[in-house]
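Undergrad: Mind folding the following:
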Amino acid sequence: MRQLLISLGAAMAISTSVFSAIAASDPYIGEYVGNCEKAQCFIEITKKKGKNYHLRFTATDPMDTRKTLCKAEIPMKRDSLTFTAREQYADALVGEYKDDPLVWLLAFNNGSIHFYIENAPCGRFDMSGEYGAYGD
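TA: Numbering: from 1, shown residues only. A predicted model of the protein is given here:
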């Protein structure tokens, strides 16, 4: 029995460290927190197959984060992005949401992300802005 528990613990440690290593090597995967007026706003990014990602924006009550005020689910794809000859990004997440045909996200070396979205709020909340890494 003791050997079984040790084996199970080792397997869990290995699987956790493998997942952490994969997430650490991908600058987008993770949970982020940003400033929203009269709410706490979070973005969670998960990896799907290939270059596909899933972004979940959640605005919660500032006094009770279990109370969801708005939630948006946005499929994204990892790709390069070019606006002009001077404004080019080799690595970004891009997608669309509601009336905005181009929503995009950049990751920075300090662990933060910047989400760009125009005229497509989640309820009364503007989702655009900078988000810092949340959790571990």
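Undergrad: which strand residues sit across from Glu44 in the sheet?
TA: Beta bridges link Glu44 to Glu31, Arg56 when assigned by DSSP bridges.
Undergrad: Can you give me every residue that contacts it?
TA: Glu44 makes contacts with Gly30, Glu31, Tyr32, Leu55, Arg56, Thr58, as judged by CB atoms under 8 Å, 6 or more residues apart in numbering. C-betas here are computed from N, CA, C, even on glycine.
Undergrad: now, the most widely separated pair of the residues you listed?
TA: Gly30 and Thr58 (14.2 Å; CB to CB).
Undergrad: follow-up on the earlier one: kindly supply the PyMOL command isolating those of the contacts of Glu44 that are buried.
TA: In PyMOL, this line selects whichever of the contacts of Glu44 come out buried by 16 or more other CB atoms under 10 Å:
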select buried, resi 30+31+32+55+58
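Undergrad: I'd like the contacts of Glu44 laid out as CSV, including pLDDT.
TA: Shown next, in CSV, are those (pLDDT from 0 to 100):
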residue, pLDDT
Gly30, 96
Glu31, 96
Tyr32, 97
Leu55, 98
Arg56, 98
Thr58, 97
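Undergrad: The residue nearest to Asp100 when sequence neighbours are not counted: neighbouring residues, count only.
TA: In this structure, Asp100 finds its nearest non-sequential neighbour in Ala120, 4.0 Å apart by CB to CB, 6 or more residues apart in numbering. For Ala120, the neighbour count with other CB atoms under 10 Å is 17.
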